[in-house]
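Novice: Sequence isn't available, so here's the structure alone:
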């Protein structure tokens, strides 16, 4: 397979032809898979279908159930074609994932990045991976570095690893399944993979060192139309005509896209879901600390963006221990007064305190669901504020994803940072962001006037609570 070693100019497709209006977005998150039809003119989600994303435990290692996802995708596309119509398809997925492909499909299963198999070759991998100053990618546990996945697969399955004709990043795997055109793309390559040099806009020295250049599918812009839905699939789902498919992008960068299209002043964007990822627009790469889960992501235009992250959604679900229950004012006051808090971390190896072992100040089994939800919301805000402080993030804060509906989280974050916190009103920020691959680059976000919670609802009691939380971390 021919290899492009540097990124193309990252710009939207030409706007001479009318932009498609109804964009069907395949949104593959770590927890759920969605097909969302977005009206590009109004930015409304006019049709949504969701299915849990499961990991298969059969085969050589835990892996994505791509068979299930593809069946879901085709069924949902068929129903969406009837319910709303479809003018184009865009794709966004979680990061740290890719696929080794051949003429007949996958050569090896799509590895689950949480599998700890790559840790077994960590010493050998450390000898070949790029320096942080080149990749701005810290060494992360398991398969969170995509380069570590490839290295482990090459060592553990050498015969199979010799067979693929190409390697594609995960959004582009689905674009390939739909169009037959193979590609890689900078937002997924720049997502702590070790495979990309963000400052130089090209594959890293690891790719050359390992001889993987022969595998890497050509680098394409997220905005590029790779082709149209294959005729056999279009007939199967009832599209009835040629439907263009965008190259696609990493999900956190899909959330970021509306904000980088809307201006250049310093601001912070929080992409929330299984992970809470903070992007410091206008921040400095020099503040990044590889041991604190800080890294450079790459935006849809190919530019490095300082980022910090922790597994906030995963931890929130663990801390609530069940469905979240919004606390009333009396419950919140009690949690603050008694100092009911969770200390990091409940997803070891990630976040600003990667070696810390999570602990409760009180027995969680003795807490009500509302008390646990209050403590979990405050924990998420305190962890987010820690990330923002280390990034040196400045300007207003915009929240995409599930935490955009958590008023206590927003109020606490506003109090901790002194910045206005704005939520997105969209149910799925990643999906509406991915739909913008077919929209005008002059589009701006329309959700900014709203505020997520008010810092005024939290006073000196929360200030004392936050100080005790910090003392609890550093005194352990």
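Specialist: Received the coordinates, thanks. Just so you know, these numbers come straight off a predicted model, no measurement behind them.
Novice: Which parts of the stretch 151-300 of the chain are helices?
Specialist: With DSSP state H, counting those that start in this stretch as the criterion, the stretch 151-300 of the chain has helices at 158-161, 170-179, 186-189, 205-210, 231-237, 251-260.
Novice: tell me the most buried of the ones you listed?
Specialist: Most buried of those by mean neighbour count (mean count of other Cβ atoms under 10 Å) is helix 186-189; its value is a mean of 30. For every residue, glycine as well, the C-beta is placed using N, CA and C.
Novice: who does that helix touch, helix- and strand-wise?
Specialist: Helix 186-189 sits against helix 170-179, strand 249-250, strand 294-298, with contacts defined as 3 or more Cβ pairs under 8 Å, 6 or more residues apart in numbering; DSSP states H and E.
Novice: any chance of these in a markdown table, plus mean pLDDT?
Specialist: Formatted as a markdown table, those follow (pLDDT from 0 to 100):
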| stretch | mean pLDDT |
| --- | --- |
| helix 170-179 | 98 |
| strand 249-250 | 97 |
| strand 294-298 | 93 |
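Novice: Relative to residue 270, which of the helices of the stretch 151-300 of the chain is closest?
Specialist: Each of the helices of the stretch 151-300 of the chain was scored for nearness to residue 270 using Cβ to Cβ, and the closest is helix 251-260 (8.3 Å).
Novice: related to what we said a few turns ago, can I get the helices and strands packed on helix 186-189 in a markdown table with distance to residue 130?
Specialist: Converted to a markdown table, those look like this (distance: least, Cβ to Cβ, whole Å):
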| stretch | distance to residue 130 |
| --- | --- |
| helix 170-179 | 21 |
| strand 249-250 | 19 |
| strand 294-298 | 12 |
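Novice: Any idea which of the ones you listed gets closest to residue 101?
Specialist: helix 170-179 (6.9 Å).
Novice: which other residues reach that closest one?
Specialist: For helix 170-179, the surrounding residues in contact (Cβ atoms under 8 Å, 6 or more residues apart in numbering) are 26, 28, 66, 69-70, 73, 89, 91-95, 97-99, 101, 110, 168, 181-185, 188, 217, 220, 226-230, 233, 245-250.
Novice: 6 Å - rerun?
Specialist: If you take Cβ atoms under 6 Å, 6 or more residues apart in numbering as the criterion, helix 170-179 is touched by 26, 91, 93, 97-99, 168, 182-185, 226-227, 229, 245, 247-249.
Novice: Repeat that for stretch 296-316.
Specialist: Residues contacting stretch 296-316 (Cβ under 6 Å, 6+ apart): 7, 10, 136, 186-187, 190, 198, 201, 222, 249, 253, 256-257, 260, 273-280, 283, 285, 288, 293-295, 346-347, 350-351, 376, 380, 383, 387, 391.
Novice: mean pLDDT for the helices of the stretch 151-300 of the chain: which is lowest?
Specialist: Confidence, taken as mean pLDDT, is least for helix 251-260 of the helices of the stretch 151-300 of the chain (a mean of 88).
Novice: what inclination does that helix have with respect to helix 170-179?
Specialist: Here the directions of helix 251-260 and helix 170-179 differ by 100 degrees (axes from the mean of the first three to the mean of the last three Cα atoms, to 10 degrees).
Novice: quick one, what contacts residue 54?
Specialist: residue 65.
Novice: and if we set it to 8 Å?
Specialist: By Cβ under 8 Å, 6+ apart, the neighbours of residue 54 are 65, 68.
Novice: Residue 149 now?
Specialist: 96, 98, 111, 113, 118, 143.
Novice: Could you check the pLDDT of the first one?
Specialist: To tie it back to what came earlier, the one meant is residue 96. 95.
Novice: surely it meets residue 195?
Specialist: No. Between residue 96 and residue 195 there is no contact under Cβ atoms under 8 Å: 10.9 Å.
Novice: Those two: which has the busier surroundings?
Specialist: residue 195 (28 against 24; other Cβ atoms under 10 Å).
Novice: Could you pull up phi and psi at that one?
Specialist: As for residue 195, its main-chain torsions (degrees, to the nearest 10) stand at phi -90, psi -10.
Novice: so who does it touch?
Specialist: So residue 195 contacts 135, 146, 147, 150, 189, 203, 204, 206, 207, 212 (Cβ under 8 Å, 6+ apart).
Novice: quick one: low-confidence parts of this structure?
Specialist: 1-18, 262-264, 425-428, 440-449, 454-456, 476 (pLDDT under 70).
Novice: per the record, what domains does it have?
Specialist: Following automatic domain parsing, one gets these domains for the chain: 22-247, 252-474.
Novice: before we move on, the earlier item: out of the contacts of residue 195, which are inside strands?
Specialist: Among these, the members falling in strands (DSSP state E) are residue 203.
Novice: For ChimeraX, write the selection for the buried entries among the contacts of residue 195.
Specialist: Of the contacts of residue 195, the buried ones can be selected in ChimeraX as follows, counting by 16 or more other Cβ atoms under 10 Å:
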select :135,146,147,150,189,203,204,206,207,212
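Novice: Next, format the contacts of residue 195 as TSV and append distance to residue 266.
Specialist: Listed next are the contacts of residue 195 as TSV, based on distance: Cβ to Cβ, whole Å:
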residue	distance to residue 266
135	25
146	30
147	31
150	36
189	26
203	30
204	28
206	32
207	33
212	37
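Novice: So which of the contacts of residue 195 is the closest to residue 329?
Specialist: Using Cβ to Cβ, the shortest approach to residue 329 within those belongs to residue 146, at 45.7 Å.
Novice: Quick check: phi and psi at the nearest residue to the closest one once chain neighbours are set aside.
Specialist: The shortest distance from residue 146 to any non-neighbouring residue, by Cβ to Cβ, 6 or more residues apart in numbering, is to residue 193 (3.8 Å). Here is the backbone geometry of residue 193 (degrees, to the nearest 10): phi -100, psi -20.
Novice: From residue 147, how far out is residue 193?
Specialist: According to Cβ to Cβ, to the nearest Å, residue 193 and residue 147 sit 6 Å apart.
Novice: Also residue 261?
Specialist: For residue 261, the distance to residue 147 - Cβ to Cβ - is 30 Å.
Novice: Check residue 73 too.
Specialist: Between residue 73 and residue 147 the computed distance is 28 Å (Cβ to Cβ).
Novice: Residue 382 - that's part of a helix, no?
Specialist: Yes. Residue 382: assigned to a helix according to DSSP: H, G, I helix; E, B strand; the rest coil.
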